[in-house]
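> this is a predicted model, with the sequence first.
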Amino acid sequence: EPEVTQTPSHQVTQMGQEVILRCVPISNHLYFYWYRQILGQKVEFLVSFYNNEISEKSEIFDDQFSVERPDGSNFTLKIRSTKLEDSAMYFCASRAVGTQGEKLFFGSGTQLSVL
Amino acid sequence: GDSVTQMEGPVTLSEEACLTINCTYTATGYPSLFWYVQYPGEGLQLLLKATKADDKGSNKGFEATYRKETTSFHLEKGSVQVSDSAVYFCALSERNTPLVFGKGTRLSVIA
């Protein structure tokens, strides 16, 4: 069965450093998402991406965050200058055109720890 | 805005015990409701869904009924197995808006 792949599974970084979280969505999917879950809190929507542009973003997704589809297969989330409160599990998801929200396929997540 | 509240975990049960994980929601319209499951080392997977009031979603022995009057979507299973150990997330979506999740409830089933 096709799956969404996220790398790395764990990332440790120093406060103020830039991090890039990588995702390979399912190959025929065109909608992409990032969610995050801070320990003990809800899974929160960050951003959705379609047709090479952001289609929706939450208030969490401020100027420190950016997304990119650099090469037609990867979908990345960049945090420019990490803060302690960015420590969380980050989930990537994708879905095909013509499907609804419940047809999201999620990756297994990247656990980001900011020290 | 829309929100989902689910019972705090962790929940630890013996094999063959009954499971109920409570979930209530707040929404402005008529959302679709979902339960997602995350097994260790894997991504979130859709477990079941219901799209309108009184619908019952079911899969792998799990059930949940969309109760509009109580704004609830409780997850139930009559007899859990060790392989059901996972984190369970209740979620909602209105039309094509992004999924809104609860905090997740960790279930551990011991033999």
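Yep, that arrived.

> contacts, neighbours, all on C-alpha from now
Noted.

> report the contact partners of the most centrally placed residue in chain B.
Nearest to the geometric centre of chain B sits B:Trp35, at 3.5 Å (CA atoms, centre = their mean). Neighbouring residues of B:Trp35 by CA atoms under 8 Å, 6 or more residues apart in numbering or on different chains: B:46-49, B:75, B:88-91.

> now check the worst-scoring helix or strand of chain B on mean pLDDT, is it near chain A?
The weakest-scoring helix or strand in chain B, judged by mean pLDDT, DSSP states H and E, is strand B:100-101 (a mean of 90). Yes: counting by CA under 8 Å from any CA of the partner chain, chain A has neighbours in strand B:100-101: B:100-101.

> briefly note if the helix or strand just after that strand comes near chain A.
The helix or strand immediately downstream of strand B:100-101 is strand B:105-110, counting by DSSP states H and E. No: Strand B:105-110 is not in contact with chain A by CA under 8 Å from any CA; minimum separation 9.9 Å.

> show me which residues of chain B are close to chain A?
Checking chain B against chain A by CA under 8 Å from any CA, the hits are B:34, B:41-46, B:93, B:96-104.

> again, 7 Å this time
Residues of chain B lying near chain A by CA under 7 Å from any CA of the partner chain: B:41-45, B:96, B:98-99, B:101-103.

> tell me the buried residues within these.
B:43-45, B:98-99, B:101-103 (16 or more other CA atoms under 10 Å in any protein chain shown).

> before we move on, what's the pLDDT of the residue nearest to A:Arg69 when sequence neighbours are not counted?
Once flanking residues are discounted, A:Arg69 sits nearest to A:Phe75: 4.6 Å by CA to CA, 6 or more residues apart in numbering or on different chains. A:Phe75 carries a pLDDT score of 96 in this model.
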